[in-house]
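Undergrad: have a look; sequence and predicted model below, questions after that.
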Amino acid sequence: MIEPLVLLPGLMCDARVFEPQIVSLSRGRAVMVAPITLGERIEEIASNLLDQLPHRFALGGLSMGGVVALEVIRRAPDRVSRLCLMSTDAQADTPQLAAAREELLVGAKAGRLEDVMRRIIGSDLLAPGPKRIPILNDVIAMALELGPEVFERQIRALQRRPDQQGELRRIKVPTLILCGAHDTLTPVRKHSFMADLIPEAELRVVDEAGHLPTLETPQIVTDALENWLNIPARAAYT
């Protein structure tokens, strides 16, 4: 049976962040993008999603979506047939980082969401080249449509997110760890760390991408996902 693919977008993003992959991968399997906009805790978001998702599915998460994906597989390992983590981090917020997010919340509540998002996902997080500014503008457009209330919920969830490092060794499904070489928000070393802990995980570093490889190098990411989806499935945990 061909399992459906569930994709979880990043902070203040929607299905558009996966558009190239959806177009290609949906030709051969069911593909859905699940929202991570409801709930002020990662645990709450994951629980809400599990009520909506298929019985068994392949799971991919980008950035904050990867944080939620780790909680989903922790809660329901028997339902996740394979896992892909992109541009993400298994560690909890440090007290310093959690405190710094408060300033962002103040700006968003004061009507400066666009300025706040440009601080979070500035052009220096993306690979150099002509795509950089158009992609940044697309991300800002998604954020403005989602609005400041969603921003506050998601930032609160990130501030309170659990540390998942201890869970990584228990994951036994085919796992792809994918990141961009130019990503300074979740750099390559964080992904190498996760790949070392997850048994038989594959690490793929995209030289031409930064924090948003799904948009920066769409065909490379789509090909990597195709290969990952074709690996025989195993049990999620032991």
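TA: All right, it came through fine.
Undergrad: from here on, just use CA atoms for contacts and neighbour counts.
TA: OK.
Undergrad: ok, the residue nearest in space to the middle of the chain to residue 6 distance?
TA: The residue at the geometric middle of the chain, judged as the C-alpha nearest the mean C-alpha position with C-alpha atoms, centre = their mean, is residue 62 (1.8 Å). According to C-alpha to C-alpha, to the nearest Å, residue 62 and residue 6 sit 11 Å apart.
Undergrad: tell me where the protein has helices.
TA: In the chain, the segments counted as helices under DSSP state H are 19-25, 42-50, 64-75, 95-109, 113-120, 132-146, 148-159, 188-197, 213-216, 218-229.
Undergrad: mind listing what's buried in stretch 203-213?
TA: Along stretch 203-213, the positions that meet the burial threshold by neighbour count (16 or more other C-alpha atoms under 10 Å) are 203-206, 208-213.
Undergrad: ok, how many other residues are close to the residue lying closest to residue 147 once chain neighbours are set aside?
TA: Across the structure, with C-alpha to C-alpha, 6 or more residues apart in numbering as the measure, the residue nearest residue 147 apart from its sequence neighbours is residue 113 (7.7 Å). Taking other C-alpha atoms under 10 Å as the neighbour definition, residue 113 ends up with a count of 21.
Undergrad: list the contacts of the closest residue to residue 97 other than its chain neighbours.
TA: Nearest-residue entry for residue 97: residue 159, 7.9 Å, with adjacent residues in sequence omitted and distances by C-alpha to C-alpha, 6+ apart. If a contact means C-alpha atoms under 8 Å, 6 or more residues apart in numbering, then residue 159 has 92-93, 97-98, 101 as its contacts.
Undergrad: make a markdown table from the residues you listed and add pLDDT and neighbour count to it.
TA: As requested, the contacts of residue 159 are exported to a markdown table (pLDDT from 0 to 100; neighbours: other C-alpha atoms under 10 Å):
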| residue | pLDDT | neighbour count |
| --- | --- | --- |
| 92 | 94 | 17 |
| 93 | 92 | 17 |
| 97 | 90 | 12 |
| 98 | 89 | 16 |
| 101 | 94 | 17 |
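Undergrad: ok, so of those residues, who is nearest residue 199?
TA: The shortest distance between residue 199 and any of those, using C-alpha to C-alpha, involves residue 92 and amounts to 21.2 Å.
Undergrad: so who does the closest one touch?
TA: By C-alpha under 8 Å, 6+ apart, the residues touching residue 92 are 158-164.
Undergrad: now do the contacts for the residue lying closest to it once chain neighbours are set aside.
TA: Computed as C-alpha to C-alpha, 6+ apart, the closest residue to residue 92 that is not its neighbour in sequence is residue 163, at 4.4 Å. When contacts are counted by C-alpha under 8 Å, 6+ apart, residue 163 is found next to 90-92.
Undergrad: can you redo these as JSON lines with distance to residue 128?
TA: Putting those into JSON lines (distance: C-alpha to C-alpha, whole Å) gives the following:
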{"residue": "90", "distance to residue 128": "27"}
{"residue": "91", "distance to residue 128": "27"}
{"residue": "92", "distance to residue 128": "29"}
